[in-house]
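Visitor: What follows is a predicted structure for the sequence shown.
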Amino acid sequence: MKKAVVGLLAAGVFLAGVGTAFAASWNDLGTREISGAVLTEGHYRFNPPERNHGSFEWEGSLRDKNAGDGHNGYVRVRVEGHDWVRYYGKQGKTVHLHHSNWEGSQRYTDDADLNVCVDNAALARDECSRDQHISTRR
């Protein structure tokens, strides 16, 4: 009887670990592109509460597609419906970005929006790709 209980307990711990590993595995973000900038090789994951504040973690390569226009590309991220945060690239270059975003008053993040924009300075409104809504159910 004790061996059966220990076996069931071990199986439960294993399955819980598999569930946590699946929830924190990397997912494909795809390519986000507009006329002046592109985010490629993008991946994201929603971390469990005990890792990195339970954050939305993402990475990708941001490339300025039009080096001569004088405008910079950036990735815009918002979690849990809060304000957008900008992560700028470099004019005429490709930069690798890897960041984590979270809402401090929550145990974990399960809702994020992301897009790619070009900063048009004061000339006109910034041009952005469509928002990509990403969520997970825990």
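Guide: Cool, got the structure.
Visitor: from memory R76 sits against A112, does it?
Guide: No: taking contacts as C-beta atoms under 8 Å, R76 lies outside contact range of A112: 11.0 Å. In this view, the C-beta of every residue, glycine as well, is placed from N, C-alpha and C.
Visitor: The spatially closest residue to E80 that is not a sequence neighbour: what secondary structure?
Guide: Counting by C-beta to C-beta, 6 or more residues apart in numbering, E80 lies nearest to E103, which is 4.2 Å off, once chain neighbours are set aside. Following DSSP: H, G, I helix; E, B strand; the rest coil, we place E103 in the coil state.
Visitor: My guess is E103 contacts V79. True?
Guide: Yes: using C-beta under 8 Å, E103 makes contact with V79 at a distance of 5.6 Å.
Visitor: Find residues that contact each of the two.
Guide: T109 (C-beta atoms under 8 Å, 6 or more residues apart in numbering).
Visitor: which one of these two has more residues nearby?
Guide: Neighbours were counted for E103 and for V79 using other C-beta atoms under 10 Å; V79 has more, 23 against 18.
Visitor: That one and A121, how far apart?
Guide: 27 Å (C-beta to C-beta, to the nearest Å).
Visitor: Can you tell me who the residue nearest the centre of the chain pairs with across the strands?
Guide: In the chain, the residue lying closest to the centroid (C-alpha atoms, centre = their mean) is W58, at 3.2 Å. Beta-bridge partners of W58, counted by DSSP bridges, are Y44, H99.
Visitor: I figured it hits E41, correct?
Guide: No: between W58 and E41 there is no contact under C-beta under 8 Å: 11.2 Å.
Visitor: No more questions from me, cheers.
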